[in-house]
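In: With the sequence up front, the predicted model follows.
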Amino acid sequence: MEPVLRVENIQKYYGNKGNITKAIDNISFSVAPGEYIGIMGASGSGKTTLLNCISTIDSVTSGHIIIGGRDITTLGTKSLSRFRREQLGFIFQDFNLLDTLTTYENIALALTILKQPAHQIDAKVKAVAQQLAITSVLNKYPYQMSGGQKQRVASARAIITNPSLILADEPTGALDSKSARMLLECFETLNDQLQATILMVTHDAFTASYCKRILFIKDGKIFNELVRGDRSRKEFFNRIIEVVTMLGGDNGNVL
């Protein structure tokens, strides 16, 4: 089966000849359809730069990133914008919802931009709202919702276009523990029932324990990899903590 994502020998440098910082140092990996992958590492390890390159927010210095069979490192600005709208879903720590739009309108916006018929938009918005248990807030504005509800709305917006890949950047960072758990259960639903392919950057071992595979980044390179397999989430959490210790920092610094 063709991978949804292939990262091939990418490097990312910042600075000039006198002062070069190597943020990503020859990283390669692939993501199969329906995988749920976490990326962890200390601040400055390169994990956010990696996510930014995959999301087309930033460009690589060398190497290739192939998503859905297309090498995004070869696309021009207009093609990248179109690709981003049609093939990628984004879930951010700060939700990025539009305050002047209702939940329904925030979710529908991506489909409106793609010029889908109104009756199709309505059916899709109501279906995804039911799946993520946010039907009751469809007519509410962001200021009228809890953090957990806003993040589930953001999740609905991310998947409404049926993207090849969902990218999540510290999605539980602004949530309390109860809301975080609800969101992670929502991600499990997206992954297990809808076969959504998710790539998530997180500092938090509890959040990462919901993933099926984790890549640990250190000094711009892949330091280690964990596969959950048949482990319980608690067992996987303990293994994550062990690798974090190997990374050379205490949990507070790395997670």
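Out: Right, received. Where do you want to start? Worth saying up front: this structure is predicted, and the values here are computed from it rather than measured.
In: Helices of the chain, residue ranges please.
Out: Using DSSP state H, the helices of the chain run over 47-54, 77-87, 103-113, 118-131, 147-159, 177-192, 205-208, 233-246, 251-254.
In: Out of these, which is closest to Asn9?
Out: Nearest to Asn9, of all the helices of the chain, is helix 47-54, at 12.5 Å by CB to CB. For every residue, glycine as well, the C-beta is placed using N, CA and C.
In: Identify the residues contacting that closest one?
Out: With CB atoms under 8 Å, 6 or more residues apart in numbering as the test, helix 47-54 has contacts from 5, 7, 10, 12, 23-24, 27, 39-41, 58-60, 65, 67, 165, 167, 169, 199, 201, 217, 220.
In: can you list the helices of the chain in a markdown table and add mean neighbour count, distance to Gln93 and mean pLDDT?
Out: Output for the helices of the chain, formatted as a markdown table (neighbours: other CB atoms under 10 Å; distance: least, CB to CB, whole Å; pLDDT from 0 to 100):
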| stretch | mean neighbour count | distance to Gln93 | mean pLDDT |
| --- | --- | --- | --- |
| helix 47-54 | 22 | 11 | 93 |
| helix 77-87 | 14 | 19 | 90 |
| helix 103-113 | 20 | 17 | 93 |
| helix 118-131 | 15 | 21 | 92 |
| helix 147-159 | 24 | 9 | 90 |
| helix 177-192 | 18 | 11 | 87 |
| helix 205-208 | 22 | 11 | 94 |
| helix 233-246 | 16 | 20 | 92 |
| helix 251-254 | 14 | 18 | 43 |
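In: would JSON lines of these with distance to Met1 be doable?
Out: Shown next, in JSON lines, are the helices of the chain (distance: least, CB to CB, whole Å):
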{"stretch": "helix 47-54", "distance to Met1": "20"}
{"stretch": "helix 77-87", "distance to Met1": "18"}
{"stretch": "helix 103-113", "distance to Met1": "27"}
{"stretch": "helix 118-131", "distance to Met1": "25"}
{"stretch": "helix 147-159", "distance to Met1": "21"}
{"stretch": "helix 177-192", "distance to Met1": "16"}
{"stretch": "helix 205-208", "distance to Met1": "25"}
{"stretch": "helix 233-246", "distance to Met1": "24"}
{"stretch": "helix 251-254", "distance to Met1": "33"}
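In: Nearest to Gly34 among these would be which one?
Out: Minimum separation from Gly34 across the helices of the chain (CB to CB) falls at helix 177-192, 7.0 Å.
In: what angle sits between the closest one and helix 118-131?
Out: Taking axes from the mean of the first three to the mean of the last three CA atoms, to 10 degrees, one finds helix 177-192 and helix 118-131 inclined to each other by 120 degrees.
In: Helix 177-192 relative to helix 147-159, how many degrees between them?
Out: Helix 177-192 runs at 20 degrees relative to helix 147-159, counting by the same axes, to 10 degrees.
In: What is helix 177-192 packed up against?
Out: Packed against helix 177-192, as judged by 3 or more CB pairs under 8 Å, 6 or more residues apart in numbering; DSSP states H and E, are the following elements: strand 36-40, helix 147-159, strand 198-201, helix 205-208.
In: For Asn191, see how far away Gly69 is.
Out: 21 Å (CB to CB, to the nearest Å).
In: And for Tyr13?
Out: 34 Å.
In: Kindly report the same for Ser59.
Out: Ser59 is 29 Å from Asn191, where distance means CB to CB.
In: Equivalent analysis for Ser179, please.
Out: Ser179 is 19 Å from Asn191, where distance means CB to CB.
In: One more: Leu101?
Out: Leu101 sits 27 Å away from Asn191, going by CB to CB.
In: next one: Ala205
Out: Separation of Ala205 from Asn191 (CB to CB) stands at 19 Å.
In: One more: Ile20?
Out: For Ile20, the distance to Asn191 - CB to CB - is 38 Å.
In: Likewise for Leu114?
Out: For Leu114, the distance to Asn191 equals 24 Å [CB to CB].
In: for Asn106, same thing?
Out: Applying CB to CB, the value for Asn106 to Asn191 is 22 Å.
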